[in-house]
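# The amino acid sequence is not available; the structure is as follows:
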């Protein structure tokens, strides 16, 4: 299969490209820069690929992409992807979009949270929100790959919300992410002397992943009204942890919580429920796993859930490949890393 | 004034000693090791003090300590201090104790959380819990200096609890600390290859600082029943952040929260309320400040408070000096750092 | 092929095991603990492998190892491996030894640098020093896998020494390593609060890798008398850099240096010579590559060479697999990672 | 004494300002921004100073600076300071300049290394190179404060060069610095995801501190021809280590080296020679100390010297205050930190 990536020079695109190179169903990967004027060796633009990388970064041309490939991955920014995707949508050409531009069904919500014009309402309706463990991409043409925070949070919340184990207005998520989630763009927030030995909160009550979390949560239980969501930038490069708190619904205890997680994820290879053994950040970095632990505290009647992912794999390129595998009915594990960086 | 430190080789003791060296009211500092057999140059035991440090670490002798000093600081571990303190208590000799051994009034609580025999109940009752901004140490002989997590958490909670701004059973604290809080002892949790690029939760629902927080909170409002409290080990050396969540009581909004913090801390030099500008960890490291920000979210009716301290200064040695200053009626700022490590 | 690992719980063994799991010629991996009393799930001993790891750690039994496997990897410590290896040597059973016990040909050298009794002199002579790019393991039964510092240093030195491009007594190596090189053992040197934001030199003029470097260098040019070698512990988990300085021999310039490196490594997939573009540490971490850059400075007549490796892959488990591939005439790239951790 | 700082928003200026605030001879500090259009609270421009910082950043006006102050510190960039300083030089007004613009005596050298037009040759001749332990600033009006790399390197080299203990063409310096040395400017080199867990070499054979090192070295021994100098960016915020190698001159041994260091620095409070105990980076961070250790290796006839400083204190603001103290004949220790960040 021939696949295209647009936006390979950003962190999500880089990881996606590296994963696709070892995907057994992929025979060729063509790389395009959305503002690339002429072909250029990828190694020049992304030295991390090493001196033996000889692939070219090609100029952007929607027709050529459709002619030469069977699917396109967009790893371009929100606001950019929106317009780039139009000809592909018109042509019903398969797209897996890692940006946030087609995740929200309601254009007004997009404009409220992204402060940009929304995509075509019909296209938004048709796009599939690709939370891989819960929404099967098969039969869909346009996949909106979830955000990193949304992925860790939703997988940590799903059993609680779906099985009505919690007090509905009590959800709190204290999420923490490494700097790779903030991308390659130079910012004061991610300047080493500023980030190192520090914790910085950002996007309080305004983070763009909040509405996609709420949209999905409300498909599971429309009565969950809102979510308190906090993001903290960690002095680590990779890894994302969502620490989730909720009051237990009447009668719910630790055993009920454990059963709900075990039942929900018993057939999901990439979600590992570790019971009361709360996961560390590093135990998933390098892999596509989501590790989740949960502890019910009878003293406070509070359920604590800790959900960790590699934000550039499960939170971006890895989940995109899960969606790719579903879309084309490949082995669900194909091309997905199951080992972590040791030690 | 001549002062003694027992336990100068641990991180809290090291910091305390360094601060006392520049305290204007301290003329001499005598150092004792609780298991020191003979005098030894401090520099040998603690190379961080540098080759010009010539002070000796003296063998432990309670009578000599009382004869040669006017106050003793214990920076020894919980379980050790308990017994060491007995002759000083009998002699009504001034003690500032950085351990947890005399913080809890109820012996049963101590034994439940510390899994060790409690100190004498009368001595526990007489000990003063030295949360410097709220409890004045003047007139007290035995000061139990609060724990680092307790300090950041209580200062972040005080206005909310004292002024009844919150739903009483809704308190959640997601606290994070650097490794210096775990001390000098070698552990797997703090082995560099394990800690670096990682987040590790520990002491879930069992952390020893929970009961001292609840004890103090209930002196402010006996109807607050409990506290959900989580601790996460950060890959940084110094700094502690308490991220606090609570549901707002009916009628409470952002302005009410801000007013409560401003009113509470208007005369407290070492607490800086930064309103909706949430503090970063680094902006207090190196100083005795507690910086606090708060944001009320009307969508979730939740108050978010972020409280940061330097865990070895405000969370240990610095607050001990605040108590020392109160005890002897010195300038409240004497010997306390007001600048941070730049950049 | 069935393979055994003894010592899988250390960092080198962990990495080796993870690599062997995806080696196309390996059908089964049996794990043994040299002091394991009874079978135990590996996940208990090494939580990093994740909750889905179900392999057992088996008690040590040399006969069983030989009966059930076709080759054994020792990832046990120097001083331990020495004795464990004896029955395998006697039986001419294939061994790949990651420890330092059989690297030095001269027992007196071993005893001088390791302060322990050396192995049998005949066995030392028969052991093959497996510097994979220069010494082919085919036909050998006992492979002594080189140390991490030795690997990076020797690959950076080889063209200079072999082609006599340098003043023979002018070699200086300023080497730096991440903490994983120091292993899992808890030490003050690798305590997070000590290591973080620090640089610590250690083993000055006494590092155990010095004699194996000199032994190999002198097989290339017996007239090189000695090597100034310094090791510095970095506040990073993984990665090793050897910064090499030498005076250029008369007539040697930058072009001659570049030609020597290009000629030497033109057929070595895992060594990438990047000319005057000096490599960064991270550009090899996660892979089996050695990246090398070199700059000749005419003002000082000095050649600067920078050689970087992933110390637990190319410096341990990866090179062991290169030797395994040579030993059994497998594809030289089989089982070896060619991608790095992004970003 | 009233003092002015121009350029307080950069890291060097920030540190200088913080130090001057506790200098006993300084009664007032006026802050100026070289491109500041109107007065602005410093806290807005530099949040690290905390919410209680109320000083204003004033617009630039050379006449006002001279009218309202008795000395000016320039912490502006090379290329900027050059022109700003002219009216002060004309007026013989005391200047302490932390930039590189007046360090080199030879305009041609400046233009070669800085790629910018040099300052007036007469002004360059009159400027005093303020290496505080070796050149007394008293009686001088214009002080060029040395660079951070130059300071650590020159203090490590001085006894060897001045006492002719080394082979003159054998000097090699492998220097490493934290990111604060690269300043506040956002660059790819200092982007957290790039810098963290990495080592990056930069400025090989072109670093601007090389000519000032050589200029000073040749005042000590004109026969030292050149210096091999390498700089590596560390994943730490603060601290600089110069690892120095040189061949010993005939007859020189470890005792001679130790004696030279002890003799040279016996009266220098801020230089601590630790003999064969090589210093760690952290043991000086936060202080104005330079710690130096040295080991002679008879096998290679090489002297290894390790010199560490806090690059923003001893390497910038702290040494500027040493020069200030010399210039005005104040206590040499006034305003200079002697404690380090613990632990």
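Looks like it arrived, so ask away. Please read these numbers as outputs of a predicted model, since none were measured by experiment.
# CA only for contacts and neighbour counts going forward, please
OK.
# Please list all residues in contact with residue A:127.
Contacts for residue A:127 (CA atoms under 8 Å, 6 or more residues apart in numbering or on different chains) come out as A:102-103, A:140-144.
# wait, I meant residue A:23
A:334-336.
# That one and residue C:329: what is the separation?
The spacing between residue A:23 and residue C:329, counted by CA to CA, to the nearest Å, is 26 Å.
# again, but for residue A:209
Shown here: residue A:209 relative to residue C:329, a distance of 52 Å by CA to CA.
# More neighbours: those two, which one.
Remark: of residue A:209 and residue C:329, residue A:209 carries more neighbours, 21 against 12, as counted by other CA atoms under 10 Å in any protein chain shown.
# Now do the phi/psi pair for the closest residue to that one other than its chain neighbours.
Sequence neighbours aside, residue A:150 is the residue nearest to residue A:209 in space, at 5.8 Å (criterion: CA to CA, 6 or more residues apart in numbering or on different chains). When read as degrees, to the nearest 10, the backbone of residue A:150 gives phi -60, psi -40.
# Make sure residue A:150 is actually in contact with residue A:208.
No. With contact defined as CA atoms under 8 Å, residue A:150 does not count as touching residue A:208 (9.5 Å).
# neighbour-wise, which of these two wins?
Neighbour count, other CA under 10 Å: between residue A:150 and residue A:208, residue A:150 has more, with 21 against 17.
# For the more buried one, give its distance to residue B:261.
With CA to CA as the criterion, residue A:150 and residue B:261 are 33 Å apart.
# Now do the same for residue A:253: its pLDDT.
For residue A:253, the model assigns a pLDDT of 97.
# Residue A:52 too?
With respect to pLDDT, residue A:52 scores 83.
# List the contacts of it.
Residue A:52 makes contact with residue C:272 under the criterion CA under 8 Å, 6+ apart.
# Could you look up the SS state of it?
Here residue A:52 is coil, with the state taken from DSSP: H, G, I helix; E, B strand; the rest coil.
# Which single residue in chain A comes nearest to chain D?
Of all residues in chain A, residue A:192 sits closest to chain D, with a separation of 4.4 Å (CA to the nearest CA).
# Please, where are all the helices along the stretch 201-343 of chain A?
Secondary structure of the stretch 201-343 of chain A (DSSP state H, counting those that start in this stretch): helices located at A:209-220, A:254-265, A:318-327.
# And the pLDDT for residue A:55?
95.
# which residues touch the residue of chain A most remote from its centre?
Distance from the C-alpha centroid of chain A peaks at residue A:299, with 34.4 Å (CA atoms, centre = their mean). By CA under 8 Å, 6+ apart, the contact list for residue A:299 reads residue B:226.
# how near is it to residue B:242?
Plainly put, residue A:299 is 20 Å away from residue B:242 if you go by CA to CA.
# Domain parsing of chain A, as residue ranges.
For chain A, automatic domain parsing gives the domain ranges A:2-145+A:314-327, A:149-310.
# For the contacts of residue A:127, pick the one with the most neighbours.
Neighbour max across these (other CA under 10 Å) = residue A:102, 31 neighbours.
# Verify the contact between that residue and residue A:130 for me.
No. Using CA under 8 Å, residue A:102 is not in contact with residue A:130; the gap is 10.7 Å.
# intersection of neighbour lists for these two?
Common neighbours of residue A:102 and residue A:130 (CA under 8 Å, 6+ apart) are residue A:144.
# Low-confidence bits of the stretch 101-250 of chain A, can you list those?
In the prediction, the stretch 101-250 of chain A carries no residues with pLDDT under 70.
# Quick check: residues of it near chain C?
Residues of the stretch 101-250 of chain A lying close to chain C (CA under 8 Å from any CA of the partner chain) are A:180, A:237.
# ranges for the strands of the stretch 101-250 of chain A?
Using DSSP state E, counting those that start in this stretch, the strands of the stretch 101-250 of chain A run over residues A:128-129, A:142-144, A:172-177, A:200-202, A:228-233, A:240-247.
# how about the residues of the stretch 201-343 of chain A near chain D?
Residues of the stretch 201-343 of chain A found near chain D (CA under 8 Å from any CA) are A:236-237.
# For chain C, what is the nearest residue in the stretch 201-343 of chain A?
Nearest residue of the stretch 201-343 of chain A to chain C (CA to the nearest CA) works out as residue A:283 at 5.7 Å.
# Just give the nearest non-adjacent residue to residue A:15, would you?
residue A:317 (5.9 Å).
# make that residue A:49, sorry
With sequence-adjacent residues excluded and distances taken as CA to CA, 6+ apart, residue A:49 is closest to residue A:43, at 6.0 Å.
# Shouldn't the one you found be within a helix?
Yes. Checked against three-state DSSP, residue A:43 lies within a helix.
# check contacts around it.
Contacts of residue A:43 (CA under 8 Å, 6+ apart): A:49-51, A:53-55.
# Helices of the stretch 51-200 of chain A, residue ranges please.
Going by DSSP H, counting those that start in this stretch, the stretch 51-200 of chain A shows helices at A:62-68, A:81-84, A:86-90, A:107-114, A:121-126, A:148-162, A:192-195.
# how about these in TSV, adding distance to residue C:15?
Shown next, in TSV, are these (distance: least, CA to CA, whole Å):
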stretch	distance to residue C:15
helix A:62-68	39
helix A:81-84	39
helix A:86-90	43
helix A:107-114	43
helix A:121-126	45
helix A:148-162	27
helix A:192-195	29
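# most packed of the ones you listed?
Mean neighbour counts were compared across those using mean count of other CA atoms under 10 Å in any protein chain shown; the top stretch is helix A:192-195, at a mean of 27.
# Not counting its own residues, what contacts it?
Around helix A:192-195, the neighbours that count as contacts under CA under 8 Å, 6+ apart are A:188-189, A:233-235, B:343, D:179-180, D:184, D:190-192, D:195-196, D:236-237.
# try 6 Å
Contact partners of helix A:192-195, identified using CA atoms under 6 Å, 6 or more residues apart in numbering or on different chains, comprise A:235, D:180, D:190-192, D:237.
# Look up how far chain C lies from the nearest residue to residue A:216 once chain neighbours are set aside.
In space, and not counting its chain neighbours, residue A:216 is closest to residue A:154: 7.9 Å by CA to CA, 6+ apart. Applying CA to the nearest CA, to the nearest Å, the value for residue A:154 to chain C is 21 Å.
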